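*Asks:* got a structure for you, letters missing:
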C-alpha cells in the first residue's frame, strides 16, 4: 500500500483521481483498510457520503480549519460549511500552484 495513503485520517482533504469526480476535493469522514468515506457538501453531503477506494485518491493536506476540527471531534457539520471550506482550500491550492 502507498505510504502516503496509509496515513489518511478523519478530516484530511483528498483529491479524487479516478471516476467522474476526478479532480474534486473531499473531506475524509471515515477510513478503513481499503476504503474511504468522503464528503464535499455538494453532491456528496454528510447524509449521503461517497465510498471510494484509497488507491483512487490523493492526499492533498491535513486541514486545520474549524470544519476539520468539528469532523475530528464528531460534532455536527453542515453541508454549507463543507462547501465553503473546500472552496477556500481549492482557491488556496490553485493560487499556490499558479504563483510558484
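*Replies:* Sure thing, it's come through. Remember, it's a predicted structure, so these values are computed and weren't measured experimentally. Numbering: from 1, shown residues only.
*Asks:* what's in contact with whichever helix in the chain runs longest?
*Replies:* Using DSSP state H to define each element, the chain has its longest helix at helix 79-99. The contact list for helix 79-99, computed with CB atoms under 8 Å, 6 or more residues apart in numbering, reads 13, 25-27, 39-42, 45-46, 60-61, 63, 65-68, 70. Yep, even glycine has a C-beta here, placed from its N, CA and C like the rest.
*Asks:* Then stretch 13-30?
*Replies:* Contacts of stretch 13-30 (CB under 8 Å, 6+ apart): 8-12, 36-40, 43-44, 46, 49-50, 52, 56-63, 67-68, 71, 82, 85-86, 89-90.
*Asks:* got the end-to-end distance for stretch 13-20?
*Replies:* 18 Å (CA to CA, to the nearest Å).
*Asks:* what does stretch 38-54 give?
*Replies:* 11 Å.
*Asks:* mean confidence for that stretch?
*Replies:* Average pLDDT, stretch 38-54: 96.
*Asks:* ditto for stretch 60-68
*Replies:* On average, stretch 60-68 scores 88.
*Asks:* Need the distance between the two termini of that stretch.
*Replies:* End residues of stretch 60-68 are separated by 14 Å (CA to CA).
*Asks:* buried ones in that stretch?
*Replies:* Neighbour-count burial for stretch 60-68, counted by 16 or more other CB atoms under 10 Å, picks out 63, 65, 67-68.
*Asks:* What segments of this protein are strands?
*Replies:* With DSSP state E as the criterion, the chain has strands at 12-16, 25-31, 35-39, 50-53, 57-62.
*Asks:* Switch the ones you listed over to CSV; also include distance to residue 96.
*Replies:* Formatted as CSV, the strands of the chain follow (distance: least, CB to CB, whole Å):
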stretch, distance to residue 96
strand 12-16, 14
strand 25-31, 14
strand 35-39, 22
strand 50-53, 25
strand 57-62, 11
